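A.B. asks: Quick one, fold the following:
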Amino acid sequence: MKSLDSFYQDITQGSTVTPHSLLPNDIQKEIGHFNVFDIKEILERLQGKSIMPYDRRAYYKISLIKGKNRAEYADKIIEIDQYALLFATPKIPYNYLPQDINQSGHFCVFTSEFLSKNKSGIELDTLPIFASDGYPIFQLSEKEVVEVELIFSKIQKEISSDYVYKYDLIRNYVAELIHFGQKLQPITALYSKHNSAARVSSLFAELLERQFPIESPHQRLELRTAKDFANRLSVHVNHLNKVLKENTGKTTTELISTRLISEAKILLKQTDWNISEIAYSLGFEELAHFSNFFKKQTSLTPLAFRV
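C.D. replies: Reported below is the predicted structural model:
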């Protein structure tokens, strides 16, 4: 899951701006985290690098998007032709792909602590706009863009002020954005059952392969089981198994095991790590579990294979 630290590293990568310099200078830990950005400024700083990797993020995000874009989820692809309001939740991973260079707008990021129920009266996880089975992207008319831009301008003005209760006011503006979005009609997702299955298969393969190669005995796999991958993709484990079986002829567990064995063989032959270190890096809690797994897949113990 992408942390806020990773987010700030990403938006300052390759520039003279430091992550720390972008933080609100008076926000305190007990408030939670909040910040607001201009999309065009961020892209200029990144020199056009604007593809967001498919992943979960450990924060909420609301974006006013101006430009042709595509948002890819595990089970759907949503095309944005011109203007849209996007709501992202830590529960749902997605991939965000601008389709041209004419990109502008605004976005804000915040943690659940910032908009907690006791501070805002809002229970984020119960809102339809952040539901895991919803369509969190809303088409905007030019008139609606003006309305949303006005809210973002108020947020940007307030975050730079020295008003003692400014974060209380900003919470109200964020709530206004949420309620504005919930009254809109979502953009239709462009997908069929076939395309959805292919998309899930593709994303599973991407998530699996992204964990390799293992380059240090201190590096450890985060996703080891079918349930781990299903949770990351926000789909049911049975659906993931069905899709992969139909598309590859193998179950989720078989595909994971094949890749683990491939990496285990490389580490056994090409490194001097002891077998316990290899077992740990591949996500096994006990050496015996790794040895049994390896022997079941190859008919050899890890030690016998290494010799």
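
A.B. asks: Would you state the strands of the protein in chain order?
C.D. replies: Assigned by DSSP state E, the strands in the chain fall at 34-38, 52-55, 60-66, 69-72, 77-80, 83-88, 94-98, 104-110, 137-139.

A.B. asks: Run the chain-centre distance for stretch 197-208.
C.D. replies: 15 Å (CA atoms, centre = their mean, to the nearest Å).

A.B. asks: could you dump the strands of the chain to TSV with distance to Asp168?
C.D. replies: All C-beta atoms are positioned from the backbone trio N, CA, C, and that covers glycine. Listed next are these as TSV, based on distance: least, CB to CB, whole Å:
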stretch	distance to Asp168
strand 34-38	11
strand 52-55	30
strand 60-66	18
strand 69-72	31
strand 77-80	32
strand 83-88	22
strand 94-98	30
strand 104-110	14
strand 137-139	26
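
A.B. asks: Could you list the low-confidence segments of this structure?
C.D. replies: Along the chain, segments meeting pLDDT under 70 span 1-2, 28-30, 47-57, 74-75, 132-135, 185-195.

A.B. asks: Let's see that with 50 instead.
C.D. replies: 54, 192-193 (pLDDT under 50).

A.B. asks: And the helices in it?
C.D. replies: For the chain, the helices defined by DSSP state H occupy 4-12, 39-45, 117-120, 142-159, 166-182, 193-210, 226-233, 237-248, 252-270, 275-281, 287-298, 302-306.

A.B. asks: For the ones you listed, give me TSV that also has distance to Asn102 and mean neighbour count.
C.D. replies: Below are the helices of the chain laid out as TSV (distance: least, CB to CB, whole Å; neighbours: other CB atoms under 10 Å):
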stretch	distance to Asn102	mean neighbour count
helix 4-12	19	16
helix 39-45	9	16
helix 117-120	35	12
helix 142-159	14	15
helix 166-182	23	18
helix 193-210	27	16
helix 226-233	31	19
helix 237-248	36	17
helix 252-270	40	17
helix 275-281	44	19
helix 287-298	51	15
helix 302-306	54	14
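
A.B. asks: any chance of these in a markdown table, plus distance to Ile31?
C.D. replies: Output for the helices of the chain, formatted as a markdown table (distance: least, CB to CB, whole Å):
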| stretch | distance to Ile31 |
| --- | --- |
| helix 4-12 | 14 |
| helix 39-45 | 23 |
| helix 117-120 | 8 |
| helix 142-159 | 12 |
| helix 166-182 | 6 |
| helix 193-210 | 33 |
| helix 226-233 | 29 |
| helix 237-248 | 37 |
| helix 252-270 | 41 |
| helix 275-281 | 38 |
| helix 287-298 | 44 |
| helix 302-306 | 50 |
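
A.B. asks: State the distance from Tyr163 to Lys157.
C.D. replies: Per CB to CB, to the nearest Å, Tyr163 is found 10 Å from Lys157.

A.B. asks: excluding its backbone neighbours, what's nearest Lys265?
C.D. replies: What sits nearest to Lys265 in space, not counting adjacent residues and going by CB to CB, 6 or more residues apart in numbering, is Phe305, at 6.9 Å.
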